[in-house]
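Trainee: Build me a structure from this.
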Amino acid sequence: MTTAGNTRAGNVPRTVGLTTAAVLSGALAAPGVSMADGDRDVPDSASVQADIDGDGGPELITVRDRGDDRVVSARFADHSYVESAFPADVPGRLQLDPRVADLGRDGADDVVVTIATGANTRTLAAFTYLPEQGLVRVTGTDGVPFAFHDGGGATSAASYTCHEPVTGGATFTTVRAERTETGLDGVRTRYAVRRDTVLLHGRTEFHGAAENAPVVQADPAGCAPA
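Mentor: Numbering: from 1, shown residues only. Below is the predicted model of the structure:
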């Protein structure tokens, strides 16, 4: 099904294909992953509900293929919508599913999408909603799009987690490590996430750490909205 919607401030009207959910009487139907039966022109997509504007009600978040790029969009209960395209080095319909997180622990949900895949690792990007701009990719203070990782295998480990602000205000942590003969060598990096910007708060290098060492632990479930 293809539904045209109004846009919110700062966005150009587009037609958004919804293959996994519909807006019914102002409520959002349960999301899923689907391809329209018998319609090969409709791109693969995956959807989830998230409260990206912090008003207590869910928006329908959809990630879909569009040529060489992917598009993340949000449809609101009033039928308005916003969208943002991003490059993705992901084959076919793999890893379309968005993740819902609150990286800044500010009560408004962020959307985490896959932008590349390795043998056992996803490279991820985050989008946040700014009323004056729409869905905006999170960047560093230098304006460079921010990427992080989740996965690993026999030779490496990578993940991320979130926590309530501690002294200094850090809310988001990443871990990257390589496995060596003596244990894990890597770095644990702490950030504060303020709207669409990550601010570095500190790094801890580790060498020969055990798999169960606290400095290595990072669980993406810790970023789930409260």
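Trainee: So, low pLDDT: which residues of this structure?
Mentor: Along the chain, segments meeting pLDDT under 70 span 1-43, 92.
Trainee: mind listing what Asp53 touches?
Mentor: By CB atoms under 8 Å, 6 or more residues apart in numbering, Asp53 lies in contact with 59, 76, 108, 129, 131. For every residue, glycine as well, the C-beta is placed using N, CA and C.
Trainee: Highest neighbour count among these?
Mentor: Most neighbours among the contacts of Asp53, by other CB atoms under 10 Å: Tyr129, with 26 neighbours.
Trainee: Not counting its neighbours along the chain, what's nearest that residue?
Mentor: In space, Tyr129 comes closest to Ile52 once its chain neighbours are excluded; the distance is 4.0 Å by CB to CB, 6 or more residues apart in numbering.
Trainee: need the contact list for that neighbour.
Mentor: Counted by CB under 8 Å, 6+ apart, Ile52 has contacts 59, 61, 74, 108-111, 128-129, 135.
Trainee: Flag every buried residue along stretch 180-194.
Mentor: Across stretch 180-194, burial judged by 16 or more other CB atoms under 10 Å covers 183-184, 186, 188-194.
Trainee: check which helix or strand covers the nearest residue to Leu96 once chain neighbours are set aside.
Mentor: Nearest residue to Leu96, sequence neighbours excluded (CB to CB, 6+ apart): Ala46, at 4.0 Å. Element membership for Ala46 (DSSP states H and E) is strand 45-50.
Trainee: Pairing partners for that strand, with directions?
Mentor: As defined by DSSP bridges, the strand partners of strand 45-50 come to strand 33-34 (antiparallel), strand 59-66 (antiparallel).
Trainee: my guess is Arg194 contacts Gly104, does it?
Mentor: Yes: contact criterion CB atoms under 8 Å: Arg194 and Gly104 qualify, at 6.4 Å.
Trainee: and the residue most central in space within the chain, what is it in contact with?
Mentor: The residue lying closest to the centre of the chain (CA atoms, centre = their mean) is Val112, at 0.4 Å. Val112 is in contact with 98-101, 124-127, 223, counting by CB under 8 Å, 6+ apart.
Trainee: Could you do Leu184 as well?
Mentor: Counting by CB under 8 Å, 6+ apart, Leu184 touches 157, 177-178, 206, 208-211, 213, 216.
Trainee: same question, His149
Mentor: Applying CB under 8 Å, 6+ apart to His149 gives the contacts 121-124, 158-160, 174, 176.
Trainee: can you pull up the bridge partners for the residue nearest to Gly152 when sequence neighbours are not counted?
Mentor: Excluding its sequence neighbours, the residue lying closest to Gly152 (CB to CB, 6+ apart) is Ala158, at 5.3 Å. On the basis of DSSP bridges, Ala158 is bridged to Gly151, Arg176.
Trainee: Might you report the residue contacts of Ala158?
Mentor: By CB under 8 Å, 6+ apart, the neighbours of Ala158 are 121, 149-152, 174-177.
Trainee: again with Val90
Mentor: By CB under 8 Å, 6+ apart, the contact list for Val90 reads 70, 114-117.
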